[in-house]
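**Student:** Okay, sequence plus prediction incoming.
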Number of protein chains: 2
Amino acid sequence: MRVPVPLAHAYRLFNHGPTALVTTAHAGRTNVMAASWVMPLDFEPPKFAAVVAANTFTRELLLASGECVLHAPTTAQTDLTMAVGTHSGREIDKFAVHGLASERGTHVQAPLLAGCAAWLECRRVPEPDSEQRHDLFVLECVAAWADDTLWQKGEWHFAASGPRTIHHCKGGLFFATGERLQARRES
Amino acid sequence: MRVPVPLAHAYRLFNHGPTALVTTAHAGRTNVMAASWVMPLDFEPPKFAAVVAANTFTRELLLASGECVLHAPTTAQTDLTMAVGTHSGREIDKFAVHGLASERGTHVQAPLLAGCAAWLECRRVPEPDSEQRHDLFVLECVAAWADDTLWQKGEWHFAASGPRTIHHCKGGLFFATGERLQARRES
């Protein structure tokens, strides 16, 4: 079940560097793309940095609406993540082609895809120079959600046999998030 | 053994979102800190984005020298990664306290820490606005290296029982990089 995550904990949903899916919506058009280059940028209010390449349909909708949703897909969505990163939403309706279930965001118009591990509803913080020079967008998270079978008490709890978040290396090669390691705390 | 990685493949060393160690050196002083917020920003020449908080010793040395080395530490370095993220290099010499073996970079003065999975020798690309507003630094990678027991033929090959890269969630909780998942390629 999708449950709210306090904004102060939103960074923890992406701190471990998972691959993202990005949804956008504007004037009746919606899109979803994959983005490996997404990371937290600040704690509270939570901000994220995301690279959205020039000439993508996602960038067009993000600039037009000022909004997007960052998702952390699961191991069960590995093929989907590869597929939506391969075609442009200008050519096909990826929601129809892949039969994607979604619901409307609570704070933004971009949809929340079903079956993900985490959702970050975001508004663009305009940084025209970074956007132009590096395709780098700054996003403020205004609502955060996680799947309560994977996220409890402010941290990820993945079972080795169950869905986990995924990390893209290159060209369709992903790694699942592996086992927990608790660092020794110094006094 | 540390072997060179072609610059066109440098992004793949950090594409899966591992936690980084950052070394810096200037005028006889050196430092190392942990940084979770590091990601690729461009392919070739390879660029990376890294958040380096204001008032850190690393930031002082990075600004003074214009150089740093990004490392991907391994599961064997989890405690070390936590420890060097806890204390400031202004207070202690972390290389001495932790008995860190290192060698000088080939293109930059910042040291290459022994025992890591990957090394990116980087030069700062000045972006004063991003640095001031978001603590966000743009770094161009001028030399890339990987451990040849973990990196072969342009991609990571981790054994479940051996060292892997690590991903920080929060407060000393890390996840190892898990098993490989090859997405289905569409025709």
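**Tutor:** Yep, it's here. Here the structure is a predicted model, which means the values were calculated and not measured. Numbering: from 1, shown residues only, chains lettered A, B, ... in the order given.

**Student:** Tell me where the model's unsure across chain A.
**Tutor:** Within chain A, the stretches with pLDDT under 70 are A:186-187.

**Student:** And the residue of it that's closest to chain B?
**Tutor:** The nearest approach of chain A to chain B comes at A:Gly17, 1.5 Å away (C-beta to the nearest C-beta). (Glycine included, C-beta is placed from N, CA and C.)

**Student:** what's the closest non-adjacent residue to that residue?
**Tutor:** Excluding its sequence neighbours, the residue lying closest to A:Gly17 (C-beta to C-beta, 6 or more residues apart in numbering or on different chains) is B:Gly17, at 1.5 Å.

**Student:** Phi first, then psi, for the one you found.
**Tutor:** phi 80, psi 30 (degrees, to the nearest 10).

**Student:** Is it in contact with B:Pro40, as I believe?
**Tutor:** No. The criterion here is C-beta atoms under 8 Å, and B:Gly17 misses it with B:Pro40 at 9.7 Å.

**Student:** neighbour-wise, which of the two wins?
**Tutor:** The residue with more neighbours, out of B:Gly17 and B:Pro40, is B:Gly17; 30 against 21, by other C-beta atoms under 10 Å in any protein chain shown.

**Student:** if I pick that one, what's in contact with it?
**Tutor:** A:His16, A:Gly17, A:Pro18, A:Thr19, A:Ser36, A:Met39, A:His167, B:Met39, B:His167 (C-beta atoms under 8 Å, 6 or more residues apart in numbering or on different chains).

**Student:** rewinding a little: I'd like the distance between the residue of chain A closest to chain B and A:Ala110.
**Tutor:** Counting by C-beta to C-beta, to the nearest Å, the separation of A:Gly17 from A:Ala110 is 22 Å.

**Student:** do A:Glu44 as well
**Tutor:** Going from A:Glu44 to A:Ala110 by C-beta to C-beta gives 22 Å.

**Student:** what about those two, which has more around it?
**Tutor:** Between A:Glu44 and A:Ala110, counted using other C-beta under 10 Å, A:Ala110 has the larger neighbour count: 27 against 12.

**Student:** Show me what the longest strand along chain A packs onto, helices and strands only.
**Tutor:** What stands out as the longest strand in chain A, according to DSSP state E, is strand A:136-147. Applying 3 or more C-beta pairs under 8 Å, 6 or more residues apart in numbering or on different chains; DSSP states H and E, we find strand A:136-147 packed against strand A:2-5, helix A:10-14, strand A:47-51, strand A:67-72, strand A:118-125, helix A:128-134.

**Student:** Hmm, A:Glu60 and A:Ala53 touching each other?
**Tutor:** No. In this structure, A:Ala53 is not within contact of A:Glu60 by C-beta under 8 Å, at 11.3 Å.
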